[in-house]
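Undergrad: coords please:
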Amino acid sequence: MFSIRKHALAATFGLFALGAWVSLAQGLPESGPLADGKISEEELAGILATAQQQLIRLSDTAMEEYQPAILDAEQNMPAAWMLMKDGETVKRLNLDGQIEGMPAPARIAVYRAAFKSVARKGEINAAAILYTGRLSADNDTEVLVIEHEHRLGVSGNKVIGYEVEAGDIAWAKPVTQKKPFQWFYDAKEDAS
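TA: Numbers count the residues shown, from 1 in each chain. Alright, predicted model coming up:
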């Protein structure tokens with residue numbers, strides 16, 4: 001179960017992006033560059049390639065920077081990263097002075113609100129919030145959750161089980177869930 005390493009995880013993230021685009025026509029946001037639903041196959045291929053590359057860049061950087069928090073024996077806290085509008089630069093969203101002492105769920109809510117503000121001003125192409133927890137109250141499996149959105153219409157949660165073994169993280173196969181648009185666009189009423 002826990003044999004996937006970082007590079008395989010990035011490839012899996014890329015496959016998720018592909019799967020998200022296959023169902024894109026059914027779940028377009030109400031506003032934004034894809035809202036009219038008129039996309040040629042060539043345009044869709046270009047959009048897919050761009051979003052996939054950018055989400056992989058964002059997730060690779062965020063996971064690399066977040067891994068020390070996972071390895072820390074103390075409870076780690078959520079953290080957030082943004083892919084800037086240049087499509088290359090990844091920056092950590094730093095609200096530390098404003099969220100000190102807040103519990104993890106409150107920090108996540110603050111990150112979501114901050115992303116919504118920055119995204120709707122056109123300052124970023126993608127964003128991700130990373131946090132850890134247990135799979136459920138009845139299951140002690142530790143998981144990393146990556147909430148992410150891309151301005152081109154991709155939104156999801158990736159849940160990845162993990163174990164820490166001798167200072168190294170062993171990753172399970174990621175599971176991806178749809179998530180309503182929250183940061184870049186308003187979700188459609190019937191979207192899951």
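Undergrad: which element is Asn76 on?
TA: Counting by DSSP states H and E, there is no helix or strand that carries Asn76.
Undergrad: for stretch 141-154, output the C-alpha coordinates as CSV.
TA: The C-alpha trace of stretch 141-154 is given here as CSV (Å, rounded to 0.1, in the frame of the first residue of the first chain):
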residue,chain,number,x,y,z
THR,A,141,-4.4,5.8,8.8
GLU,A,142,-2.5,9.1,8.5
VAL,A,143,-3.4,11.1,5.3
LEU,A,144,-2.2,14.2,3.5
VAL,A,145,-4.9,16.2,1.9
ILE,A,146,-4.2,18.5,-1.0
GLU,A,147,-7.0,20.9,-1.8
HIS,A,148,-6.3,22.5,-5.1
GLU,A,149,-7.9,24.7,-7.8
HIS,A,150,-6.7,26.0,-11.1
ARG,A,151,-8.1,29.0,-12.9
LEU,A,152,-8.6,26.9,-16.0
GLY,A,153,-11.4,25.0,-14.3
VAL,A,154,-9.8,22.2,-12.3
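Undergrad: pull out the buried positions in it.
TA: 142-154 (16 or more other C-beta atoms under 10 Å). All C-beta spots, glycine's among them, are computed from the backbone N, C-alpha and C.
Undergrad: and for stretch 61-71?
TA: Under 16+ other C-beta under 10 Å, the buried positions of stretch 61-71 are Thr61, Ala62, Met63, Tyr66, Gln67, Ala69.
Undergrad: and if you look at stretch 168-179?
TA: Ile169, Trp171, Ala172, Pro174, Thr176, Lys179.
Undergrad: name the SS class of the fifth one, please.
TA: Three-state assignment for Thr176 (DSSP: H, G, I helix; E, B strand; the rest coil): strand.
Undergrad: make a markdown table out of the buried residues of stretch 61-71 and add pLDDT and secondary structure.
TA: What follows is the buried residues of stretch 61-71, written out as a markdown table (pLDDT from 0 to 100; DSSP: H, G, I helix; E, B strand; the rest coil):
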| residue | pLDDT | secondary structure |
| --- | --- | --- |
| Thr61 | 96 | helix |
| Ala62 | 96 | helix |
| Met63 | 94 | helix |
| Tyr66 | 95 | helix |
| Gln67 | 93 | helix |
| Ala69 | 90 | helix |
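Undergrad: possible to save these as TSV with distance to Lys158?
TA: Shown next, in TSV, are the buried residues of stretch 61-71 (distance: C-beta to C-beta, whole Å):
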residue	distance to Lys158
Thr61	15
Ala62	11
Met63	10
Tyr66	13
Gln67	15
Ala69	17
